[in-house]
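# Let me see the structure of the following:
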Amino acid sequence: MSENLPDPLSNTLALLDERIADARLDRAEVLDVRGLSARTALTEGEIQALLAGDAQAAADDIEGRIRRRVRTLHETRLAANGRKRAEVCKEVADALSISPEWARQLLLGKKMPNVPDLTALAAYFGVEQGTGFFTDPAPIVLNRELRRLLTELGGAEEGPLVRLATRHGVVTLALRGRRLTPRKQEALAVMLEGLLSGAEEPDEESER
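Residues are numbered from 1 along each chain as shown. Here you go, the predicted structure:
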C-alpha cells in the first residue's frame with residue numbers, strides 16, 4: 001500500500017508502525033483520525049486514504065484545498081471552544097479589514113482568500129506553518145504532523161512513555177492524538193511509574 005505514497009510520508013508511517021508494534025500500542029488510537037483532522041485541517045477522508053496508502057484519493061486542486069482547509073479549521077475551532085460564529089466572523093473581519101459578510105464567506109469556504117487574507121487568517125488562528133498550513137499538499141501536511149507524533153513516541157530512540165509501557169508490559173498506551181512535549185512525557189512517565197510500581201508491591205494486609 002505505502003508504495004503509492006511519497007517517500008517521506010511512507011517512511012514516517014513505517015517508523016510509526018514499528019514503534020507502535022514494539023510498544024504494543026493501539027494503532028487506531030495512536031493515529032487518531034479525528035484528532036489528526038483537527039490539527040491539520042485535512043478531512044478525515046483524506047487522512048484515512050493516506051493512512052491506507054492511497055495518495056491519489058487525497059489529491060486535489062489548490063483552490064479547493066485552501067477553501068476546504070479554511071472551513072475545516074474554522075469549524076474545528078468553533079467546536080472546540082464553543083464560540084458563536086457571528087463573533088468569530090466579526091473578529092476575522094476586523095483582522096482582515098473586510099466586511100463581516102465577506103469574512104463569513106471566507107470562513108465557510110465559499111470564497112477564495114487572497115494571499116494577504118490567507119496570511120492574516122494563519123495569524124488569527126495561530127497556525128505555526130503560516131500559509132503553508134492551507135496550501136501544502138495533503139501528504140506533506142500529514143507527514144509533518146506524524147513526524148511530531150513520532151517524536152512523542154521516541155522516534156528512533158525510545159521515549160519515556162514507550163520505555164514505561166515496555167518495562168511494565170502495558171498492552172495499550174493511548175495518546176488519542178494528543179501532543180505531549182518531552183518534558184510533559186517525562187513528568188507523566190514519573191507519575192505512572194509511581195502508580196504502577198505501587199500496584200506491583202505486595203499488599204501488607206494479604207501477607208498477615
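# Next, name the residue at the spatial heart of the chain.
Central residue of the chain (Cα atoms, centre = their mean): L36, 3.4 Å from the mean position.
# just the helices in this structure please.
Along the chain, counting by DSSP state H, helices occupy 7-23, 27-30, 33-40, 44-51, 62-81, 85-96, 100-107, 115-125, 132-135, 138-152, 160-168, 182-200, 204-207.
# for the protein, which spans come out with low pLDDT?
1-6, 155-186, 197-208 (pLDDT under 70).
# Domain ranges for it, per the record?
According to automatic domain parsing, the chain comprises the domains 2-57+138-200, 61-135.
# What is the neighbour count of G45?
12 (other Cβ atoms under 10 Å). The way it works is simple: take the backbone N, C-alpha and C, and place the C-beta from them, glycine included.
# now swap in the one 10 residues further on and tell me
For A55, the tally of surrounding residues (other Cβ under 10 Å) stands at 19.
# Just confirm it contacts P139, I think it does.
Yes. Contact criterion Cβ atoms under 8 Å: A55 and P139 qualify, at 5.8 Å.
# Check the gap between the residue nearest to A49 when sequence neighbours are not counted and L51 for me.
For A49, ignoring the flanking residues on the chain, the nearest one in space by Cβ to Cβ, 6 or more residues apart in numbering is A57 at 3.6 Å. Separation of A57 from L51 (Cβ to Cβ, to the nearest Å) stands at 11 Å.
# ok, now L146?
For L146, the distance to L51 - Cβ to Cβ - is 9 Å.
# Overlap in contacts, the two.
13, 31 (Cβ atoms under 8 Å, 6 or more residues apart in numbering).
# What residues of stretch 128-143 count as buried?
Residues 131, 133-136, 138-139, 141-143 are the ones in stretch 128-143 that count as buried (16 or more other Cβ atoms under 10 Å).
# How about residues contacting that stretch?
5-6, 8-9, 12, 36, 40-42, 46-47, 50, 55, 58-60, 62, 65-66, 69-70, 73, 115, 118-119, 121-122, 127, 144.
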